[in-house]
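A.B. asks: pasting the sequence and the predicted model now:
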Amino acid sequence: MTQAEELFQAIGYIDDTLILRSDRQKKRKSWFGVYGGLMVSAACLALLFGANYIVNRPVMDEHQPTVSTQPNHQGDGNGPDYYDPSATPILDDDWTQQESSKDYGMMPELGWVDFNPGPIMPLTLAEEKEGITAERELLYDFSAVSKEDKGYVPIRDSYVLSNTTDKDETVTVYYPYVTDVWELSTYPPQLTVDGVVRDTMILNGAYMGEDSEGMPRLFGPTVSTDEYPSMLKEVKPLNGAIDEELMKQKVWAYELEDWDSQNVPQNIATYVVKFEVEAPNKVFTAHNYTTEYDGEYLQVSFNLSTLLAEQANAAVYFLGEAPTECIEQGYTYVDITDENKSDKVTAKMKIYETTVKDVLKEQMDIQLKKLEKDADRPSGELMDLYYERMAHMFSDMYLWANDGVDTPKDQVFYEKSISDIAYAVWDYESVYLLSETITIPADSSVKVDFDYKKSGACNTYEPQAEFRDNYCYDNMPNLLTNLRFTEQAAAILENGNICIEDQNYGFDLEKGIKEVLLELDAERYYMIVKMLK
């Protein structure tokens with residue numbers, strides 16, 4: 001059981017389907033707080049959301065369809081929301097059990113966009129070239145996959161780049177690729193130029209942006225495809241060199257290890273430690289539950305069930321100055337309404353000096369231990385990319401925590417958790433750029449292919465069987481590209497193993513229409529596919 005599930009159960013009557021949705025596919029942990037990691041604010045958000053749903057549950061129109069099977073050419077960006085017209089609120093003691101068994105489908109508050117792992121975005125050039133035009137075809141090869149592939153489908157995004165000038169043109173291309181280090185390692189993308197495989201450079205692009213309401217947000221499955229135009233102001237490599245002086249800064253680490261699991265209380269047990277500090281903004285943690293500062297003491301709580309399940313060591317890191325005093329308070333746990341405390345300490349405190357860089361790399365190694373096979377270990381280049389991303393994120397977190405200004409950016413890393421940064425980079429989507437330099441001869445063309453596997457937005461956790469094994473695939477055909485397209489097309493391969501439940505492409509499998517031309521000024525295409533075999 002995850003920490004999120006334990007929080008839900010301790011709070012009380014929260015819908016089981018919300019708990020189910022708290023686990024991501026590929027056995028990922030869930031980041032409930034868009035502006036933070038696994039923190040107490042997430043529990044508050046879940047409680048408010050669940051309470052709001054119980055009290056303000058929408059009334060269903062009897063004419064609303066259960067499932068939409070007709071193509072949607074409106075391009076409004078959200079895909080279908082499924083309803084059961086007979087669903088009515090149940091507020092008795094069996095509310096959770098009865099409600100989770102009903103075929104009400106996806107709640108409108110949790111539409112497809114809430115599970116979006118990021119759209120496919122078009123190729124662009126590092127510098128715009130007026131004489132370069134492009135034709136594009138996006139191919140989804142569903143014939144190569146089954147239910148067991150969990151929505152990962154081979155993609156070939158092909159471009160014919162034409163040089164209409166009378167001289168050779170050398171261009172640097174950027175292909176925005178929404179993924180994470182886990183996927184980069186497991187399903188590495190491949191770039192081919194005129195049939196020759198290139199050793200493609202992968203660069204860190206944006207990892208966060210501002211949504212349509214101006215709030216800073218991390219990219220990821222809780223970000224709607226419709227938010228990408230707002231969050232991506234431009235496509236380019238991550239700006240700025242790593243702050244090496246910050247990376248070299250001395251750190252005093254207080255690490256808790258060797259938990260006595262037999263004596264750990266049940267019911268969201270936490271372990272509490274207090275430190276006397278004068279600069280709480282220079283204190284960072286790993287695997288913490290929450291922190292509180294009273295002006296003199298910083299109290300740090302750790303979720304023991306999570307630590308034991310993941311075999312992780314809780315830690316508190318002090319930059320620049322060690323704490324004046326450390327007080328171990330032992331276990332605290334919540335039993336619905338009563339708070340119970342125990343002074344019994346069953347953990348060892350390991351204190352040592354280190355640096356920010358070594359702390360970041362230690363958290364990287366913790367993520368690598370989760371790999372099932374050594375063969376899945378990222379290459380040296382990917383490890384450098386992983387560290388660079390973590391260093392940039394930590395530098396931003398440190399700057400925002402110590403700039404003396406309270407802004408929404410401070411809430412992106414709400415609890416200043418380094419382990420959350422490591423998890424975010426490893427298992428949470430960001431924008432990466434596949435980059436290559438290509439020469440296009442005068443009055444000629446080159447063919448550029450990008451091959452990779454793309455995960456679809458997953459609807460596996462719907463309580464009713466007919467909505468399982470559904471995956472949504474998004475395409476933003478013109479997002480921030482500076483290429484002038486003369487044609488865009490999309491195609492699918494299948495062997496009777498899929499059906500298309502909703503789309504705005506215009507495919508018709510029954511009539512054999514598996515290739516379509518796209519509108520050159522379209523903002524978004526989507527396709528919801530059900531795996532049948």
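C.D. replies: Perfect, thanks for sending it.
A.B. asks: now for the longest helix seen in the chain, which elements pack on it?
C.D. replies: In the chain, assigned by DSSP state H, the helix with the most residues is helix 380-401. Under the contact definition 3 or more C-beta pairs under 8 Å, 6 or more residues apart in numbering; DSSP states H and E, helix 380-401 sits against helix 181-186, strand 201-204, helix 244-247, helix 356-368, helix 418-427. Any C-beta I mention is one placed from the backbone N, CA and C, and that applies to glycine too.
A.B. asks: and Leu232, how many neighbours?
C.D. replies: 19 (other C-beta atoms under 10 Å).
A.B. asks: isn't it right up against Gly209?
C.D. replies: Yes: counting by C-beta atoms under 8 Å, Leu232 touches Gly209, with 6.0 Å between them.
A.B. asks: please name whichever of the helices and strands packed on helix 380-401 is nearest to Thr225.
C.D. replies: helix 181-186 (17.7 Å; C-beta to C-beta).
A.B. asks: ok, then the element right after that closest one?
C.D. replies: Downstream of helix 181-186, the first helix or strand assigned by DSSP states H and E is strand 190-193.
A.B. asks: buried deepest among the helices and strands packed on helix 380-401, which one?
C.D. replies: Mean neighbour count, computed with mean count of other C-beta atoms under 10 Å, is highest for helix 418-427 among the helices and strands packed on helix 380-401, reaching a mean of 24.
A.B. asks: against which helices or strands is the next helix or strand along the chain from it packed?
C.D. replies: Counting by DSSP H and E, the next helix or strand C-terminal to helix 418-427 is strand 430-440. For strand 430-440, the elements it packs on are strand 152-163, strand 169-179, strand 190-193, strand 201-204, strand 444-455, judged by 3+ C-beta pairs under 8 Å, 6+ apart.
A.B. asks: which of those strands sits closest to Val425?
C.D. replies: strand 201-204 (9.4 Å).
A.B. asks: quick check: neighbours of the closest one in the sheet, parallel or antiparallel?
C.D. replies: Using DSSP bridges, strand 201-204 pairs in its sheet with strand 430-440 (antiparallel).
A.B. asks: in JSON lines, list the helices and strands packed on strand 430-440 along with mean pLDDT.
C.D. replies: Converted to JSON lines, those look like this (pLDDT from 0 to 100):
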{"stretch": "strand 152-163", "mean pLDDT": "97"}
{"stretch": "strand 169-179", "mean pLDDT": "94"}
{"stretch": "strand 190-193", "mean pLDDT": "96"}
{"stretch": "strand 201-204", "mean pLDDT": "92"}
{"stretch": "strand 444-455", "mean pLDDT": "95"}
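A.B. asks: turn those strands into JSON lines, including distance to Glu257.
C.D. replies: Output for the helices and strands packed on strand 430-440, formatted as JSON lines (distance: least, C-beta to C-beta, whole Å):
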{"stretch": "strand 152-163", "distance to Glu257": "37"}
{"stretch": "strand 169-179", "distance to Glu257": "33"}
{"stretch": "strand 190-193", "distance to Glu257": "42"}
{"stretch": "strand 201-204", "distance to Glu257": "32"}
{"stretch": "strand 444-455", "distance to Glu257": "35"}
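A.B. asks: what's the closest of those strands to Leu479?
C.D. replies: Nearest to Leu479 among these is strand 169-179 (7.9 Å), distances taken as C-beta to C-beta.
A.B. asks: check which residues of the closest one are buried.
C.D. replies: Neighbour-count burial for strand 169-179 flags Glu169, Val171, Val173, Tyr174, Tyr175, Pro176, Tyr177, Val178, Thr179 (criterion: 16 or more other C-beta atoms under 10 Å).
A.B. asks: so what angle separates the directions of that strand and strand 444-455?
C.D. replies: Strand 169-179 and strand 444-455 are oriented at 10 degrees to each other (axes from the mean of the first three to the mean of the last three C-alpha atoms, to 10 degrees).
A.B. asks: helices or strands next to strand 169-179 in the packing?
C.D. replies: Applying 3+ C-beta pairs under 8 Å, 6+ apart, one finds that strand 169-179 contacts strand 124-125, strand 152-163, strand 430-440, strand 444-455.
A.B. asks: can you tell me how far the closest residue in space to Asp149 that isn't next to it in sequence sits from Glu501?
C.D. replies: Once flanking residues are discounted, Asp149 sits nearest to Met531: 7.9 Å by C-beta to C-beta, 6 or more residues apart in numbering. Noted for Met531: a distance of 11 Å to Glu501, by C-beta to C-beta, to the nearest Å.
A.B. asks: is it true that the residue nearest to Asp149 touches Ser143?
C.D. replies: No: using C-beta under 8 Å, Met531 is not in contact with Ser143; the gap is 11.9 Å.
A.B. asks: so which of those two has more stuff around it?
C.D. replies: Using other C-beta under 10 Å, the more surrounded residue of Met531 and Ser143 is Met531, with 21 against 14.
A.B. asks: show me what contacts Glu325?
C.D. replies: Contacts for Glu325 (C-beta atoms under 8 Å, 6 or more residues apart in numbering) come out as Phe275, Glu276.
A.B. asks: and Thr306, how close does it get to Ser419?
C.D. replies: 10 Å.
A.B. asks: quick check: neighbours shared by the two?
C.D. replies: Counting by C-beta under 8 Å, 6+ apart, the residues touching both Thr306 and Ser419 are His287, Ala312.
A.B. asks: and the strands in the stretch 251-400 of the chain?
C.D. replies: Using DSSP state E, counting those that start in this stretch, the strands of the stretch 251-400 of the chain run over 270-276, 283-286, 290-293, 297-303, 314-319, 325-335, 338-342, 348-355.
A.B. asks: now the longest one: mean pLDDT?
C.D. replies: Read that as strand 325-335. Mean pLDDT, strand 325-335: 70.
A.B. asks: what about Asp149, how many residues nearby?
C.D. replies: Around Asp149 there are 15 residues (other C-beta under 10 Å).
A.B. asks: I'd like the distance between it and Glu292.
C.D. replies: Distance, Asp149 to Glu292, by C-beta to C-beta: 45 Å.
A.B. asks: now do Asn163
C.D. replies: 62 Å.
A.B. asks: just the CA trace of the helix or strand where Tyr473 lies, in CSV.
C.D. replies: According to DSSP H and E, Tyr473 maps onto strand 470-475. In CSV, the C-alpha atoms belonging to strand 470-475 read as follows (Å, rounded to 0.1, in the frame of the first residue of the first chain):
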residue,chain,number,x,y,z
ASN,A,470,-7.8,2.3,-23.2
TYR,A,471,-5.0,4.6,-24.1
CYS,A,472,-5.0,8.2,-25.3
TYR,A,473,-2.4,9.4,-27.7
ASP,A,474,-1.9,13.2,-28.3
ASN,A,475,-0.3,15.0,-31.2
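A.B. asks: quick one, that strand and strand 152-163 angle?
C.D. replies: Using the same axes, to 10 degrees: strand 470-475 against strand 152-163 is 10 degrees.
A.B. asks: the helix or strand following strand 470-475 relative to strand 470-475, how many degrees between them?
C.D. replies: Next in sequence after strand 470-475, counting helices and strands by DSSP H and E, comes strand 484-493. The directions of strand 484-493 and strand 470-475 differ by 160 degrees, with the same axes, to 10 degrees as the criterion.
A.B. asks: which residues does strand 484-493 contact?
C.D. replies: By C-beta under 8 Å, 6+ apart, strand 484-493 touches 122, 130, 132-144, 162, 475, 477-478, 505, 507, 514-518, 520, 525.
A.B. asks: for it, which strands pair with it and how are they oriented?
C.D. replies: Applying DSSP bridges, strand 484-493 is found paired with strand 132-141 (parallel), strand 515-517 (antiparallel).
A.B. asks: quick one: closest of those strands to Tyr452.
C.D. replies: Nearest to Tyr452, of all the strands paired with strand 484-493, is strand 132-141, at 11.3 Å by C-beta to C-beta.
A.B. asks: which residues are in contact with the closest one?
C.D. replies: Identification of contacts with strand 132-141 by C-beta under 8 Å, 6+ apart yields 120, 122-123, 125, 153-164, 169, 171, 440, 473, 475, 477, 483-493, 527.
A.B. asks: kind regards, and thank you for your time.
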